[in-house]
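[1] Below are the sequence and a predicted model for it; my questions follow.
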Amino acid sequence: MKLTEITIRHLQMELKSPFSTSFGTLKNRDFLLLEAKSDDGLIGWGESVAFYSPWYTEETMKTNWHMLEDFLIPLILNKEINHPDEVSEIFASIRKNNMAKAAIEGAVWDIYAQQTNQSLAQALGGKQKRIEVGVSIGIQSTIEELIALVDSYVKEGYKRMKVKIKPGWDVDVIRALRDEFPDVAIMADANSAYTLNDIELLKQLDEFDLMMIEQPLAADDIVDHGVLQKELKTPICLDESICSLEDARKAVELGSTKVINVKIGRVGGLTEARRIHDYCAEKGLPVWCGGMLESGIGRAHNIALTSLPNFTLPGDTSGSNRYWERDIITPEVVAVDGMIEVPQTVGIGYEIDREAVEAFTVGKKHYR
Ligand SMILES: O=C(O)CCC(=O)C1=CC=C[C@@H](O)[C@@H]1C(=O)O
Ligand SMILES: [Mg+2]
């Protein structure tokens, strides 16, 4: 296939409720959608998960647009692509900028699935027909509010509760949750809010039988996490630190992580995400699919990826209705009792609601 046309859109969608982490609060989700057309007339969609501000990683919506327009699109337009795995080779001369790369690669995987008459999940080799999902819950104003939220998600059947922690909102919060929900699967995500000076505090979390603690230390660290893991019973899960298979290999060899949160955008696309999945399966480490407050298109890609066999822990891809009044796909993603059906129809398995896409578009540009 060849990509003959690409459209980039800046979408802005209001979150149903603001999302707070150790680094800030998000009310609106600004992101890029990429629509690619192939020489045989098929259309594939990709989503860049970069945020408006560089608080999760260094990439932003605008740096992604710059990378796409000035470097990535010129490299790929009208280039013969036999398989989506070749996209990362075409982009090999460009360092990092993984979320920008993943947006194009996702659209290529979508077109490839259509060309080969398979669902995206099947094209990736995924076999699971239903996937287990949990929720990621931001920092709340009070512990009571957090407990009420967790209670509602437990009642909806979500399979695990991930709660954000930061200094001052950690041990007491987790203790209160554990007291209230003795049998619920709970994990904590620190988004790099601690250092090795906090070892004694982090050790206190061992008491609460957490499934794991996600990214307690620096976003670019894989060494200190190994030091910390030796002191903790609770498994460490790396998120921000893992941007490639090589990062995963080094972290695993150093004993810095026992679980990996795989995010398609953070690692540069579905091909690299699958490689990390395969490597972890070989090493006996479970993986799960992280979320980036995606629209339905990113969500569909996450669901397809999660159908691979070593995604054995519930992911962050909960139903569309947790985030949006109206999503940009039909049907929307629905979680029933913490399970999502993996679409078996050709491509991503959801229709694009073009009217909704237009309604949320605040800027766009065509490339050919
Ligand atoms: O519900 C989701 O999509 C997951 C949200 C979530 O936990 C995260 C989204 C974006 C950045 C981070 O704060 C974070 C994470 O670290 O996993
Ligand atoms: Mg995280």
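    Alright, I've got the coordinates. Ligands and ions are numbered 1, 2, ... in the order given.
[2] any idea whether the residue of the stretch 101-250 of the chain found nearest ligand 1 is helix, strand or coil?
    When scored by Cβ to the nearest ligand atom, the stretch 101-250 of the chain has residue 136 as its residue closest to ligand 1, at 3.4 Å. Glycine gets a C-beta too; all of them are placed from N, C-alpha and C. Residue 136 carries the three-state label strand when classified by DSSP: H, G, I helix; E, B strand; the rest coil.
[3] That one: what's it in contact with?
    Neighbouring residues of residue 136 by Cβ atoms under 8 Å, 6 or more residues apart in numbering: 162, 164, 189, 291, 316, 318.
[4] so the fourth one sits right up against residue 302, yeah?
    Yes - under the criterion of Cβ atoms under 8 Å, residue 291 is in contact with residue 302, at a separation of 6.8 Å.
[5] what is in contact with those two at once?
    By Cβ under 8 Å, 6+ apart, the residues touching both residue 291 and residue 302 are 315, 317.
[6] Neighbour count for the two, which is higher?
    residue 302 (30 against 22; other Cβ atoms under 10 Å).
[7] I'd say that one and residue 289 touch.
    Yes - using Cβ under 8 Å, residue 302 is in contact with residue 289, at 5.0 Å.
[8] what's the overlap in contacts for the two?
    264, 315, 317.
[9] Next, give phi and psi for the first one.
    To tie it back to what came earlier, the one meant is residue 264. Dihedral pair for residue 264: phi -60, psi -50, per degrees, to the nearest 10.
[10] ok, for residue 37, nearest residue in space, not its chain neighbours?
    Excluding the flanking residues, the one nearest residue 37 by Cβ to Cβ, 6 or more residues apart in numbering is residue 5, at 4.2 Å.
[11] can you confirm that neighbour is in a strand?
    Yes - with three-state DSSP as the criterion, residue 5 is part of a strand.
[12] So it is in contact with residue 39, correct?
    No - contact criterion Cβ under 8 Å: residue 5 and residue 39 do not qualify, at 9.6 Å.
[13] which one of these two has more residues nearby?
    For residue 5 versus residue 39, neighbours defined as other Cβ under 10 Å are more numerous around residue 5 (15 against 12).
[14] For this structure, what lies in contact range of ligand 1?
    21, 56, 136, 189, 191, 239, 290-293, 316 (Cβ under 6 Å from any ligand atom).
[15] change it to 8 Å
    Contact residues (Cβ under 8 Å from any ligand atom) of the chain with ligand 1: 19, 21, 23, 49, 51, 56, 135-136, 138, 162, 164, 189, 191, 214-215, 239-240, 261, 263, 290-294, 316-318, 322-323.
[16] Sitting in strands, which of these do you find?
    The members of the residues of the chain next to ligand 1 that map onto strands under DSSP state E are 19, 21, 135-136, 162, 164, 189, 214, 261.
[17] what's the lowest-pLDDT member of the residues you listed?
    The lowest pLDDT within those belongs to residue 21, which sits at 89.
[18] To what extent is that one buried, counted in neighbours?
    20.
[19] go on, residue 164?
    Quick note: residue 164 (other Cβ under 10 Å) scores 24 neighbours.
[20] what's the answer for the one 5 residues further on, then?
    The criterion is other Cβ under 10 Å. On that basis, residue 169 has 18 neighbouring residues.
[21] Model confidence score at the residue lying closest to it once chain neighbours are set aside, please.
    Distance criterion Cβ to Cβ, 6+ apart; nearest residue to residue 169, sequence neighbours excluded, is residue 139 at 5.5 Å. Looking at residue 139, its pLDDT reads 95.
[22] before we move on, what about residue 22?
    84.
[23] That one touches residue 170, doesn't it?
    No - contact criterion Cβ under 8 Å: residue 22 and residue 170 do not qualify, at 9.8 Å.
[24] For the stretch 101-250 of the chain, what lies in contact range of ligand 2?
    189, 214, 239 (Cβ under 5 Å from the ion).
[25] Let's see that with 6 Å instead.
    Counting by Cβ under 6 Å from the ion, the residues of the stretch 101-250 of the chain close to ligand 2 are 189, 191, 214-215, 239.
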